[in-house]
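Engineer: Got a predicted structure here, sequence first:
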Amino acid sequence: MSKADRSIVVRHVSKTFTLRYHRTLKQMSVAMMRQQELSDSFLAVDDVSFAVHQGESIGLMGLNGSGKSTLLKMINGIMRPDSGKVLTRGRTAGLIATGAGFHPQLTGRDNVYLNAAILGMTEAETRRKFDDIVEFADIGKFLDSPVGHYSSGMFARLGFAVAIHVDADIFLADEVLAVGDRPFRRKCMAKMQEIRNSGTTLFYVSHAAASVRKMCDRVLVLEKGRLAYDGPVDEGIKFLHYDEDDEENPLDTEEEIDEEIGADI
Amino acid sequence: MTADASTDPSTDPSTDPSTDAAVDPSTDAAVESRRRVVHAPLRPPWSEQGLLEVFRHRYILTLLVRREISARYQGSALGLVWSYVNPLTQFFIYYFVMGILFGRANRTEDFAIHVFTGLIIVHFFTETMSAGTRSIVRNKSLVQKMAVPREMFPVASMLVSLFHVVPQLVILLIATLIAGWQPDPMGMVYAVIGLLISMTLGTALALMFSAANVFLRDVSNAVNVLSNFVRFGVPMMYPYALVAARFRGHTDLYLLNPMVEAVLAFQRAFWIGATSNPARTAAIDMPPNLFWLSMRALLISVVILVFAQATFSRLEKRIPERLL
């Protein structure tokens, strides 16, 4: 594969967070008198480099706190790295921002338009896809009532439905498939497969080994912010020791994959 | 972004990660089969920041403003009426205390209109400043999840406040027409200048304080204090003539506050023309070189706006991680 068809390039990217221990002047002066640290820094992503080709489907794995979400936020353009470069090609969308900006007092309909705009859709595009979105969310007559009255499942479904209908060149998904009931989860997985098959670059964060195996061509594993593994899926899952359960009880059928996704957070 | 950031990585092989080797060749074929070639250039994913960029995202800006307006009063019986209750009660308090108790109403002609013109500008400004200061913290769920210029939020607050000015202007126009106001073209120029000054300065302060408020929530309290100073620091509940008489020859410092010119310009537009002898009122209650003073105030506001944008850009990069 040539360099010209790269979809995501991440080059020596690091991100440090500052942890503040004390916020008020009183706390700060007390800490200063006791000669305690006033703040501490924490390297969330540490010199990570990789490149993703167009149409590739990447599973990003790692334990909690290993920097997966921070990396995803940098690829999505919400955060900027302290050093290094992030480059992407085309429009990025994803299931990180599901329900972002949903206003509890506005109706589902108004929120769909607002949310779609936040995800980068134009008014015409939203209008064109509106029926599909509503059908996917399957919230029936609640569409015209304030989303504050929705059940948490309905809220998540509507957010998911909007996000998944954005035409993107890069699609990011961050452990969101745990929402909703089983039929909805299955619908989401099918839709993600569809997105993948259409040639969109997929970046999928998950702890669920079975679904990663099903969706991805390649696995990246983060360990304490560093890229510890980059390569084929099965070895990656082995690397994480996530396959140990599998050996006793292999998860192959659809149902078990569903169960596993539901249990992954 | 700078041109160097958007250069293709192929021109820069030295720092290229050598991950190609790690890709299993068997998956290569599968990926190859469903590839859809995107011709967009490789570029940094974050949105370009800056006030000008906000206006390239007009559609989402309109939606944000509309959301703010329709959501603010939903579930309250009086709804939008509440946004008039606050300025109107302020108006009656000022008019009663200053006009009747202190006897200002007998000495300043059409004192009620004098107060109300000032109040429209001052209320717009303080609302922009205080809602703008809270805007980023209040919209944190959005800020943490979407890559749009973050100047969007303070600007949206300003536009929401501006929306509420319109009906107040209608009330003012009715009152001035009843009082026998003669509109003049120069007055309309002053009205626009007054509004521009308060828009520019309000946006500037909203920008600066909204970013600062993310790092230190004390800022929103400090802004409330500042609002009080603004209310008393402009010729709204007292006429400019009083200031001129008290600080004879030393009004420069007072006039340095751009909001003073904003209020004076608005009064020049709507109040002067309603008095029985506009020329005489203008001579007593307006500084002699109001036009140049207003232009200077506008310039000061623009300079502050540029400074605010620079401050915002510096703080902005760390905003998402500091929003808890």
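Structural biologist: Structure received. Numbers count the residues shown, from 1 in each chain, chains lettered A, B, ... in the order given.

Engineer: ok and the residue in chain A nearest chain B?
Structural biologist: Closest to chain B within chain A is A:Gly199: 2.9 Å, counting by C-beta to the nearest C-beta. Every C-beta, even on glycine, is put in place using the N, C-alpha and C of the backbone.

Engineer: could you pull out the strands for the stretch 151-265 of chain A?
Structural biologist: Counting by DSSP state E, counting those that start in this stretch, residue ranges of the strands within the stretch 151-265 of chain A are A:170-174, A:201-205, A:218-223, A:226-231.

Engineer: can I assume A:Asp47 sits in a strand?
Structural biologist: Yes - if the criterion is DSSP: H, G, I helix; E, B strand; the rest coil, then A:Asp47 is within a strand.

Engineer: Is it correct that it is in contact with A:Pro81?
Structural biologist: No - using C-beta atoms under 8 Å, A:Asp47 makes no contact with A:Pro81, being 10.3 Å away.

Engineer: more crowded one of these two?
Structural biologist: A:Pro81 (21 against 14; other C-beta atoms under 10 Å in any protein chain shown).

Engineer: What is the three-state secondary structure of that one?
Structural biologist: What three-state DSSP gives for A:Pro81 is coil.

Engineer: nearest spatial neighbour of it, skipping sequence neighbours?
Structural biologist: Nearest in space to A:Pro81, with sequence neighbours left out and distances taken as C-beta to C-beta, 6 or more residues apart in numbering or on different chains, is A:Val13 at 4.4 Å.

Engineer: Kindly provide the whole-number mean pLDDT of the one helix or strand that neighbour maps to.
Structural biologist: Element membership for A:Val13, per DSSP states H and E: strand A:6-20. Taken as a whole, strand A:6-20 has an average pLDDT of 87.

Engineer: Helix or strand next in line after it, which one?
Structural biologist: Per DSSP H and E, the helix or strand that comes after strand A:6-20 is helix A:25-33.

Engineer: ok, and for that following helix, which residues are buried?
Structural biologist: Using 16 or more other C-beta atoms under 10 Å in any protein chain shown as the test for burial, helix A:25-33 gives A:Met28.

Engineer: Quick one: mean pLDDT over it.
Structural biologist: Throughout helix A:25-33, pLDDT has a mean value of 81.

Engineer: Which elements pack onto that helix?
Structural biologist: If contacts are counted by 3 or more C-beta pairs under 8 Å, 6 or more residues apart in numbering or on different chains; DSSP states H and E, helix A:25-33 sits against no helix or strand.

Engineer: Okay, angle between that helix and strand A:6-20 too, please.
Structural biologist: Orientation check (axes from the mean of the first three to the mean of the last three C-alpha atoms, to 10 degrees): helix A:25-33 against strand A:6-20 gives 80 degrees.

Engineer: Tell me the gap between helix A:25-33 and the middle of its chain.
Structural biologist: Distance of helix A:25-33 from its chain centroid, counting by C-alpha atoms, centre = their mean, to the nearest Å, is 39 Å.

Engineer: repeat for stretch B:265-277
Structural biologist: 25 Å.

Engineer: Between its first and last residues, what's the separation in it?
Structural biologist: Terminal residues of stretch B:265-277 are spaced 18 Å apart (C-alpha to C-alpha, to the nearest Å).

Engineer: After the helix or strand B:Met188 falls within, which helix or strand is next?
Structural biologist: Assigned by DSSP H and E, B:Met188 belongs to helix B:185-215. Heading C-terminal from helix B:185-215, the first helix or strand you meet, by DSSP H and E, is helix B:218-233.

Engineer: In terms of secondary structure, what does that next one contact?
Structural biologist: Counting by 3+ C-beta pairs under 8 Å, 6+ apart, the packing neighbours recorded for helix B:218-233 are helix B:111-138, helix B:185-215, helix B:258-270.

Engineer: Select, out of these, the one closest to chain A.
Structural biologist: Smallest distance to chain A across those (C-beta to the nearest C-beta): 9.7 Å, for helix B:185-215.

Engineer: do that closest one and chain A meet?
Structural biologist: No - using C-beta under 8 Å from any C-beta of the partner chain, helix B:185-215 never reaches chain A; the gap is at least 9.7 Å.

Engineer: how far out from the middle of the chain is that helix?
Structural biologist: The chain centroid and the centroid of helix B:185-215 are separated by 5 Å, computed with C-alpha atoms, centre = their mean.

Engineer: Dump the strands of the stretch 151-265 of chain A to TSV, plus mean pLDDT and distance to A:Asn111.
Structural biologist: TSV is the format used below for those (pLDDT from 0 to 100; distance: least, C-beta to C-beta, whole Å):
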stretch	mean pLDDT	distance to A:Asn111
strand A:170-174	86	21
strand A:201-205	89	25
strand A:218-223	92	33
strand A:226-231	91	37
